[in-house]
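Student: structure, please.
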Amino acid sequence: LESVLALKPDLILDVGSTSGTFVSLAERVQQQTNIPYALLDGRFDAAGETYRKLGELIGRKSDAEKLARYADDTFKMIADRITSIAPSARPRVYYARGPRGLVTGLGGSINVETIEMLAQNVAGANKGGLANVSIEQVLLWNPDVIITIDQDFAATVRSDPAWSSIKAVRDNRVHLSPKMPFGWVDFPPSVNRLIGLRWLAEVLYPDKFP
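Tutor: Here you go, the predicted structure:
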């Protein structure tokens, strides 16, 4: 708090979870610093509305509206192109994090929002955030596609006997997500994922996103 006060900001801006825990933290910091604290919704599908709220807060409504419209148009364009594919017919995707690929995002996790917009998350039956899983569990899921953000895992998975029987590995459908200037699928889970949504759509549905 001392560091924040020393900076003398006009506004503390926090984009992420708006659960009770974070609301309580925001209220406490605002009371202790007397600095307005704005907690905005960090869910991916709320990007447009979050941009608009930010524009109101900092007096840049016009700039915010352009960015909000881009987010809204991106979501609509992608949803329209895959609407004819039933959810049960969409690819089954495993999201691999960590050098061994054994950390993934459970159903509803902020880390797999782009994947769950487009495909079936094989770990989606259990709700939560990031979780450690076993290779045996991945073998049981037998995903069609693996998306990873870890370069070491991407470089070794095809030669690892433990992963060799998994459909995504056999079919050469292991994809390393770009991460410049920020991660395209996750890390951080923010608006950097808009370009990642387009990339992921092309990976999963190349015929619909030439």
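Student: contacts for the lengthiest helix in the chain, please.
Tutor: Determined from DSSP state H, the single longest helix within the chain is helix 61-82. Outside of helix 61-82, the residues within contact range by C-beta atoms under 8 Å, 6 or more residues apart in numbering are 45, 47-49, 51-52, 54-56, 90, 117-118, 191, 194, 197-198, 201, 205, 208-209. C-beta here means a position set from N, CA and C on the backbone, and glycine is covered the same way.
Student: what mean pLDDT does it have?
Tutor: Mean pLDDT, helix 61-82: 98.
Student: direction included, what does the following helix or strand past it pair up with?
Tutor: Note on helix 61-82: by DSSP states H and E, the next helix or strand toward the C-terminus is strand 92-96. Strand pairing for strand 92-96, using DSSP bridges, gives strand 120-121 (parallel), strand 145-148 (parallel).
Student: now the residue nearest to residue 208 when sequence neighbours are not counted: how far from residue 98?
Tutor: Excluding the flanking residues, the one nearest residue 208 by C-beta to C-beta, 6 or more residues apart in numbering is residue 81, at 4.7 Å. Per C-beta to C-beta, to the nearest Å, residue 81 is found 32 Å from residue 98.
Student: ditto for residue 73
Tutor: To residue 98, residue 73 is 34 Å away according to C-beta to C-beta.
Student: tell me the contacts of the nearest residue to residue 196 once chain neighbours are set aside?
Tutor: Among residues not flanking residue 196 along the chain, residue 184 sits closest, at 3.1 Å (C-beta to C-beta, 6+ apart). The contact partners of residue 184, taken as C-beta under 8 Å, 6+ apart, are 177-178, 192-193, 195-196, 199-200.
Student: low-confidence ranges, the chain, go.
Tutor: Counting by pLDDT under 70, the chain contains no low-confidence range.
Student: quick one, strands of this protein?
Tutor: 12-16, 37-41, 92-96, 103-105, 120-121, 130-132, 145-148, 174-176 (DSSP state E).
Student: can you list contacts of the fifth one?
Tutor: Counting by C-beta under 8 Å, 6+ apart, strand 120-121 makes contact with 87-88, 90-93, 95, 105, 107, 112, 115, all of which sit outside it.
Student: do the same with the fourth one
Tutor: Counting contacts by C-beta under 8 Å, 6+ apart, the residues outside strand 103-105 that touch it are 94-97, 111-112, 115, 121, 123, 129-133, 186.
Student: let's see it at 7 Å
Tutor: The contact list for strand 103-105, computed with C-beta atoms under 7 Å, 6 or more residues apart in numbering, reads 94-97, 111-112, 123, 130-133.
Student: how many residues are close by residue 23?
Tutor: Neighbour count of residue 23, defined by other C-beta atoms under 10 Å: 13.
Student: which residues touch it?
Tutor: By C-beta under 7 Å, 6+ apart, the residues touching residue 23 are residue 39.
Student: show me which pair in the contacts of residue 184 is furthest apart.
Tutor: 192 and 200 (12.8 Å; C-beta to C-beta).
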